[in-house]
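Colleague: okay, sequence plus prediction incoming.
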Amino acid sequence: MNIDFYEDNNPEYYHKLAKEGVANLVIWHLISRIFTFIGGIILSRILSPVDFGIFGITTFVVGTVALFGRFGLGPSLIRKKKQIELIDLQTGFTLQQILMSIVVLILWISAPIIVNLYKTVPSEAVILIRVIAFNLFLNTWRSMSVLLLDRNMRYKTIAILQLSQKLIYQIVAVVFAVFGYGVWSLIWAVLLRSVIGTILTYYSAPWKISFRLNLSVARRLIRFGIPFQFQVVIASIRGWVTPMLVGGLIGPAAVGFVTWANKRAKIPTQIFGGSVARVSFSHFSRLQDYPEILERKITQYINYQLPIFGFWFILILLMGKDLVLWIYTDKWLPAFPALLIFSAIPIFSIINGIGNRALNAIGYVKYATKITFFMTLLFVIMSVLLVYKIGFIAIPISSLIISIISIPLVFRKLKMIDLYKIILSVRWVFVAMAFAGFFGLLIYNMLIKFDFYVILTIPFIVIIYGSAIWILGPDWIKKRIINYYRKIYAIFRNKIDRQSR
């Protein structure tokens, strides 16, 4: 039984879905952040830091252990060349249930031991870990429907589902918090979000749920899934370096500075990076048999993203210290060097990130896993050696170095893709960055004598950088931007015409 929604094997068809997908995910993500921001303010005023702390510890523990129970079965099915059959989903679903049952059992038994490791966490956290662990089952019941939507690039549906679940979470959490449920308001929000989200997701992409295990299908899924999931685990280890290494060696204040700087440097990545990563993997998976088209699309993905991250770096370079002082006060100024270096990392990480997703999409998952492992190992070694000598700034410096040296290693295996050609295709962005940096600095020095020089300078930087991007950018980007705005204008024009009638 074939349950794929689309059978069109025309690459142009997938290009259209990819463009629409990125736009939908970014737009709906921005909308959801507004509700998350409002809900976060309300919850922060009602709940105590202890409530958030207990919830953070329990979700971290469950999420960390759950990493070892996923086995990358979803990506394995997303990149399958042939049409997905019902037995593929049923086998993947059965494997997930088996693996997640083991994970939940481990969490259920070890919850008291884990809580005892945190001396200040109340015993109530034991039941919280067990309840959150049960939530993992709910996630597995919707995972097959999610991968069908991903595989067939139905990202508008995915974006609406994500927004719905975030709204449910915020509404439930706020209502329960108002009625005095404390940390349980967050727990109930997670559970109800998962229950309703599972129902809505299955309704959007239904399939015949059944427990079946086909050994040949299982071997194929695991052969790709285990190395892929190992990459996810290794990537997560990098995030553990800061609290475990920095915190243990040079204290909690250093952890605070690094974490704070990293989070703010990744604002553009949080808005665009996740959406592009999700769409590009499915997109590249559909182009496995079209190497020339794959190279062109990799180049386009990089060209679209790089100007955004380039602007963010220039803004932080010229105005970062002033913005930190104005918005966050001088107590965060020691973190500015880390903020500056962290903001430069996406310029390089998007290149190796796109390349890494291409490696996984066309089947070089073991090679991608080896690179991820050795780069993470090198990152840890560099951080340990440098943190004693130069302090917490060692973390962003090590991350930047790893991001740069990973690029040739990632593209080494993609022999059908010319890395030199890709680098030449984005040189215009670096020229625009240099142009904006030079003239932006001149304007900054001219306006610094005024009281509101920060507010005055930023628009000039935007204009200078935008003008440089438009003048130096390739014609195909300009044409697409013009066509995009023409479509928006036509939509609004039609609405105005209908209202005037």
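Modeller: Received, thanks.
Colleague: how far off centre is the host helix or strand of Ile34?
Modeller: Applying DSSP states H and E as the criterion places Ile34 in helix 11-46. In this view, helix 11-46 has its centroid 12 Å away from the chain centroid, taken as C-alpha atoms, centre = their mean, to the nearest Å.
Colleague: give me the helices and strands touching that helix, please.
Modeller: Here helix 11-46 touches helix 155-178, helix 274-285, helix 291-323, going by 3 or more C-beta pairs under 8 Å, 6 or more residues apart in numbering; DSSP states H and E. (Glycine included, C-beta is placed from N, CA and C.)
Colleague: switch to 6 Å and redo it
Modeller: helix 155-178, helix 274-285 (3 or more C-beta pairs under 6 Å, 6 or more residues apart in numbering; DSSP states H and E).
Colleague: what's the most buried one of these?
Modeller: helix 274-285 (a mean of 21; mean count of other C-beta atoms under 10 Å).
Colleague: what comes into contact with it?
Modeller: For helix 274-285, contacts defined as C-beta atoms under 6 Å, 6 or more residues apart in numbering pick out 14, 18, 21-22, 25-26, 78-79, 150, 153, 301, 357-358, 361.
Colleague: what ranges does the stretch 351-500 of the chain have for its helices?
Modeller: Using DSSP state H, counting those that start in this stretch, the helices of the stretch 351-500 of the chain run over residues 365-390, 394-412, 419-425, 427-447, 453-472, 475-500.
Colleague: next, format those helices as CSV and append distance to Ile127.
Modeller: Formatted as CSV, the helices of the stretch 351-500 of the chain follow (distance: least, C-beta to C-beta, whole Å):
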stretch, distance to Ile127
helix 365-390, 34
helix 394-412, 36
helix 419-425, 52
helix 427-447, 52
helix 453-472, 49
helix 475-500, 51
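Colleague: sketch out the low-pLDDT regions of this structure for me.
Modeller: In the predicted model of the chain, residues 1-9, 69, 119-120, 240-252, 450-451, 484, 487-489, 491-493, 495-501 satisfy pLDDT under 70.
Colleague: any idea how it splits into domains?
Modeller: 1-213, 227-425, 427-501 (automatic domain parsing).
Colleague: turn those into JSON lines, including distance to Leu221.
Modeller: JSON lines is the format used below for those (distance: least, C-beta to C-beta, whole Å):
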{"stretch": "domain 1-213", "distance to Leu221": "5"}
{"stretch": "domain 227-425", "distance to Leu221": "10"}
{"stretch": "domain 427-501", "distance to Leu221": "37"}
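Colleague: what's the neighbour count on the closest residue to Arg212 other than its chain neighbours?
Modeller: Nearest non-adjacent residue to Arg212, counting by C-beta to C-beta, 6 or more residues apart in numbering: Gln90, 4.1 Å away. If you count neighbours by other C-beta atoms under 10 Å, Gln90 ends up with 21.
Colleague: swap in Phe52?
Modeller: By other C-beta under 10 Å, the residues close to Phe52 number 15.
Colleague: circling back: the residue nearest to Arg212 touches Asn214, doesn't it?
Modeller: No - counting by C-beta atoms under 6 Å, Gln90 stays clear of Asn214, with 7.9 Å between them.
Colleague: from Val22, how far off is the spatially most central residue of the chain?
Modeller: For the chain, Gly274 is the residue whose C-alpha lies nearest the centre (C-alpha atoms, centre = their mean; 3.2 Å). To Val22, Gly274 is 11 Å away according to C-beta to C-beta, to the nearest Å.
Colleague: swap in Thr369?
Modeller: For Thr369, the distance to Val22 (C-beta to C-beta) stands at 26 Å.
Colleague: just Ile109 next, same as before
Modeller: 43 Å.
Colleague: neighbour count winner among those two?
Modeller: Shown here are Ile109 and Val22; by other C-beta under 10 Å, Val22 has more neighbours (21 against 10).
Colleague: got the contact list for the more buried one?
Modeller: Val22 makes contacts with 275-276, 279, as judged by C-beta under 6 Å, 6+ apart.
Colleague: redo that, cut-off 8 Å
Modeller: 155, 275-276, 279 (C-beta atoms under 8 Å, 6 or more residues apart in numbering).
Colleague: what of Leu318?
Modeller: 437, 440-441, 444, 457, 461.
Colleague: what's the closest of those to Gly197?
Modeller: Ile461 (40.7 Å; C-beta to C-beta).
Colleague: drop anything exposed from the contacts of helix 274-285.
Modeller: Buried by 16 or more other C-beta atoms under 10 Å: 14, 18, 21-22, 25-26, 78-79, 150, 153, 301, 357-358, 361, out of the contacts of helix 274-285.
Colleague: and which of those residues is nearest to Gly182?
Modeller: Closest to Gly182, out of all of the buried ones among the contacts of helix 274-285 and judged by C-beta to C-beta, is Leu25, at 33.6 Å.
Colleague: go ahead and confirm that closest one touches Leu161.
Modeller: No - here Leu25 lies out of contact with Leu161, judged by C-beta atoms under 8 Å, at a distance of 11.2 Å.
Colleague: before we move on, the earlier item: tell me which two of the contacts of Val22 sit farthest apart.
Modeller: Of all pairs in those, the most separated under C-beta to C-beta is Tyr155 and Val276 at 11.2 Å.
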